[in-house]
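Chemist: below are the sequence and a predicted model; questions follow.
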Amino acid sequence: MGYALGARVSGVDLSRPLDTDTVQQIKSAWTRHLVLVFPEQHLDPETLIAFTRHFGELDNYETQPFNRHPEHDEVMLLSNRPVNGKLPAGAYNGQNWHTDLSYTPRPAKATLVYCIQKPSVGGDTMFASMYAAYEALSPKMQAFLDDLEGVNDVSLISARRDPAILEAFKRLNPPVIHPAVRIHPESGKPALYVNDRVRTFVGMSDAESKPIIKFLCEHSQQPRFVYRHRWSVRDLVLWDNRCLTHLAVGDYDPSEIRHMIRTSTMGDYFGRFENPRSAETANTSAAATSTEVAQAASMLHD
């Protein structure tokens, strides 16, 4: 579906159990193309969860509980559909270039999004191959980046968040450190792991880091590395967070509904907190936030 990445998969019904050979073919295509589009699927939260299990341990979204489906912790709502006259917390999710959950010690592996309702115009999602972005850098820049680590900061997720919810996100997710270049465990290929949610590089000042981050973000977002998916209702899109970034394009009439559900799997790599004491703080916040989430949800949905 695109030069750099993306393929359409037909002839499979994901609402039914799949045999081992079919699952393996899908996984092989996913490793090769990074983004797979399954058109005309008829899914609900249960069947989406069942298909997602083929790609690993499901995330229950403890790190971002405000967007959970009311009946399924493993399903996130990506929706601007008002609830009792109020926008849900996930109304403007993902409107900067990112890789899912990079602000956590265990970033997402697979993400799956199913389209239930879309605007008449716009609301696309763009994906950039970080394999291609890395390969296009000079050998000297590659060698420089191979030894760098980036500080990923949840406060950079979006400027359009409710301030109270953003504060809760920050308590749940202290800044974490990941390498600037990751080696994909299945393909063995290096992928740039720097995006709009990287604040600085370890061992460098912010003044030194910011121009490099800006360059790498602009470099990786070039059209030659990008596939733009124009959603159709009943599309399921599966992508690999270990080797790409993506952006939810906010180019649609906000009075029109963009309603999707999402699942993801836990990654096969662990980063570390910028502050070693943050793990204890995050765990304490997670326990306290269960009550806070219920209160915030009530505030949003009452």
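Modeler: Sure thing, it's come through. Numbers count the residues shown, from 1 in each chain.
Chemist: what sits against the nearest residue to residue 213 once chain neighbours are set aside?
Modeler: Nearest non-adjacent residue to residue 213, counting by C-beta to C-beta, 6 or more residues apart in numbering: residue 198, 5.5 Å away. Backbone N, C-alpha and C define where each C-beta goes, glycine included. Taking C-beta atoms under 8 Å, 6 or more residues apart in numbering, we find residue 198 in contact with 102, 150, 151, 152, 153, 156, 213.
Chemist: do you know the pLDDT at residue 279?
Modeler: pLDDT recorded at residue 279 is 65.
Chemist: if we can go back for a sec, among the contacts of residue 198, name the ones in strands.
Modeler: 150, 151, 152 (DSSP state E).
Chemist: pLDDT and distance to residue 269 added to those, as CSV?
Modeler: Converted to CSV, the ones in strands among the contacts of residue 198 look like this (pLDDT from 0 to 100; distance: C-beta to C-beta, whole Å):
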residue, pLDDT, distance to residue 269
150, 98, 14
151, 98, 16
152, 96, 13
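Chemist: any idea which of the residues you listed is closest to residue 123?
Modeler: residue 152 (26.2 Å; C-beta to C-beta).
Chemist: tell me the mean pLDDT over stretch 207-216?
Modeler: On average, stretch 207-216 scores 98.
Chemist: tell me the buried residues in that stretch?
Modeler: Going by neighbour count (16 or more other C-beta atoms under 10 Å), the buried part of stretch 207-216 is 209, 212, 213, 216.
Chemist: helices along the stretch 101-250 of the chain, start to end?
Modeler: Counting by DSSP state H, counting those that start in this stretch, the stretch 101-250 of the chain has helices at residues 130-135, 139-146, 163-172, 206-220.
Chemist: pick the most buried one from those.
Modeler: Of all the helices of the stretch 101-250 of the chain, helix 130-135 carries the top mean neighbour count, a mean of 23, counting by mean count of other C-beta atoms under 10 Å.
Chemist: sec struct for residue 25, please.
Modeler: Following DSSP: H, G, I helix; E, B strand; the rest coil, residue 25 is assigned to helix.
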